[in-house]
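Novice: Whatever this is, show me its structure:
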Amino acid sequence: MASRVIAPPQRKRDGVVAGIPKPKAPERNNRRALRDVGNLVIRGVYGKSQQVSRPVTRGFSAQACNVEINNKKKPVIGDGVAVVPKRKLTTKPPQKEVVVVKRPKPETAVIEISLDAEEAKLGTQKSSVKDVQISTAVLSASSKVPCGLVDKTKKTQIVDIDAGDVDNQLAAVEYVKDLYKFYKMAESSIQIHDYMGSQNQINENMRMILVDWLVEVHHVYKLSPETLYLTVQIIDRYLSTRLVHRKELQLLGISSMLLAGKYVDIWAPMVNDLVCISERAYSKEHILGMEKSILAKLGWSLSGPTPYVFLVRFVKAAMADKEMENMAFFLTELGLMHYGMLKFCPSMLAASAVYAARCTLNKSPHWDETLNFHTGYSEPRLIECAKQLVSFHSRSAEVKRNSVYRKYSASELCSVALLAPAKML
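Specialist: Numbering: from 1, shown residues only. The predicted model follows:
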């Protein structure tokens, strides 16, 4: 009978059976806080790593990590198994934006503001700040005016004189500003120089008598006002280019009126009528021959701006009534008669007539921002020309032959010639 070898029983040492290896204890989760957060690496676009540098919040991040690890619950080890406490599932809190507010002290204060709360707050603050600014500006402006810190005259608005003619196609509101810019440029090209010194047969007095007679002829035939102004301009332009004999001066006058009537009026005066009104001093052939000579000397150009073109616009800018309009035309026609007024350009003559008319009728103010804008002349520039027009007005009753004075003494033209001239001028 075979014998069995019986192994002696093994002793337990410290509760462990000898010969059996001791099971390894589970490794603990040994973590420590990073002392330097400068080595923080995050994943950027397309898996590339990017180094993040946050010098302002570096110290704060390190302290936050230490606090979080110390307060974190460690896993409980029991029976060789690590038990990690369960976390409650909560909804993801709204993202918060960290705003660093710098103060003069070395310490930095960190304020956490929710994005949703910030947007709502900004929405309410914008309207309140805007209201405060508007009300502050109104209060400050209203307080400066009574104290005299703000000049009220500088804030006067320029009146739109063409607003009432928007629906009138004949007024050409879309082009009127460009038209008068062109007139201002064109008047310098036809400025008439002093020609009386080169004329050895006529003088200033003879020219005044001719214009006075043409005013009467113009009034008898009831031609348009622009025809008279264009007639005088044609006469002066022709006399500045050619010597005229004394006997041909009246012929030049009626031929110039014939051309102006054809250019402006619908029904121009007939040649036979002009022959009769000149008491047959000239024949039909004489008038037509002078007409050809005028057109040849002027190069068939009759479209130069006259004082009437500017006067109509400036009277409208003055918002004048009927009396003031007639007074302005009366003073302008007085200026046409005198040779010395040729040194003033047509626009200045028209603007000075409006200014003198306002002074004569005691209109207040005598000159405003609207007139300054549309005429292009300030009040000091018009004083010299306006004084001469007022002097002509004061002596008009003493002149024996003055068709302009008789014309504007009629009641249908408000008898403006009978009014006293402006004393201030």
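
Novice: helix, strand or coil for N362?
Specialist: Per DSSP: H, G, I helix; E, B strand; the rest coil, the local secondary structure of N362 is coil.

Novice: Give me the phi and psi for it.
Specialist: phi 60, psi 40 (degrees, to the nearest 10).

Novice: cool, and E291?
Specialist: phi -60, psi -40.

Novice: domain ranges for this protein?
Specialist: 163-192+305-425, 193-304 (automatic domain parsing).

Novice: Tabulate these in TSV, adding columns for mean neighbour count and distance to Q157.
Specialist: Any C-beta I mention is one placed from the backbone N, CA and C, and that applies to glycine too. Compiled in TSV, those are given as follows (neighbours: other C-beta atoms under 10 Å; distance: least, C-beta to C-beta, whole Å):
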stretch	mean neighbour count	distance to Q157
domain 163-192+305-425	18	8
domain 193-304	17	31
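
Novice: got those domains as a markdown table, with mean pLDDT columns?
Specialist: As requested, the domains of the chain are exported to a markdown table (pLDDT from 0 to 100):
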| stretch | mean pLDDT |
| --- | --- |
| domain 163-192+305-425 | 92 |
| domain 193-304 | 93 |
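
Novice: Quickly find the element holding Y355.
Specialist: Per DSSP states H and E, Y355 falls inside helix 346-360.

Novice: Name the next helix or strand following that helix along the chain.
Specialist: Scanning forward in sequence from helix 346-360 by DSSP H and E, the next helix or strand is helix 369-375.

Novice: sorry, back to before: which helices and strands does the helix holding Y355 pack with?
Specialist: When contacts are defined as 3 or more C-beta pairs under 8 Å, 6 or more residues apart in numbering; DSSP states H and E, helix 346-360 sits against helix 176-187, helix 307-317, helix 322-337, helix 369-375, helix 379-395.

Novice: what angle do the last one and helix 346-360 make?
Specialist: What that stands for is helix 379-395. Orientation check (axes from the mean of the first three to the mean of the last three C-alpha atoms, to 10 degrees): helix 379-395 against helix 346-360 gives 70 degrees.

Novice: What of the second one?
Specialist: Regarding helix 307-317 and helix 346-360, their directions subtend 40 degrees when assessed with the same axes, to 10 degrees.

Novice: The first one too?
Specialist: The directions of helix 176-187 and helix 346-360 differ by 110 degrees, with the same axes, to 10 degrees as the criterion.

Novice: C-alpha coordinates for helix 176-187, CSV please?
Specialist: Output in CSV follows, covering the C-alpha atoms of helix 176-187 (Å, rounded to 0.1, in the frame of the first residue of the first chain):
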residue,chain,number,x,y,z
VAL,A,176,-32.9,127.3,-60.7
LYS,A,177,-29.9,127.2,-58.4
ASP,A,178,-27.6,126.0,-61.2
LEU,A,179,-29.0,128.7,-63.5
TYR,A,180,-28.1,131.5,-61.1
LYS,A,181,-24.7,130.0,-60.5
PHE,A,182,-24.2,130.2,-64.3
TYR,A,183,-25.6,133.8,-64.4
LYS,A,184,-23.0,134.9,-61.7
MET,A,185,-20.2,133.4,-63.8
ALA,A,186,-21.5,134.8,-67.1
GLU,A,187,-22.0,138.4,-65.9
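
Novice: Does anything pack onto it? Which helices or strands?
Specialist: Using 3+ C-beta pairs under 8 Å, 6+ apart: helix 176-187 touches helix 307-317, helix 346-360.

Novice: hmm, try it at 6 Å
Specialist: Contact partners of helix 176-187 among helices and strands, from 3 or more C-beta pairs under 6 Å, 6 or more residues apart in numbering; DSSP states H and E: none.

Novice: And the contacts of that helix?
Specialist: P305, V309, C345, P346 (C-beta atoms under 6 Å, 6 or more residues apart in numbering).

Novice: Report the separation between the second one and Y183.
Specialist: Just to be clear, that refers to V309. 6 Å (C-beta to C-beta, to the nearest Å).

Novice: SS state for W267?
Specialist: Going by three-state DSSP: W267 is coil.

Novice: quick one: it from A397, how far?
Specialist: W267 is 34 Å from A397, by C-beta to C-beta.

Novice: Over to A328?
Specialist: 19 Å.

Novice: repeat for V416
Specialist: From V416 to A397 the distance is 13 Å (C-beta to C-beta).
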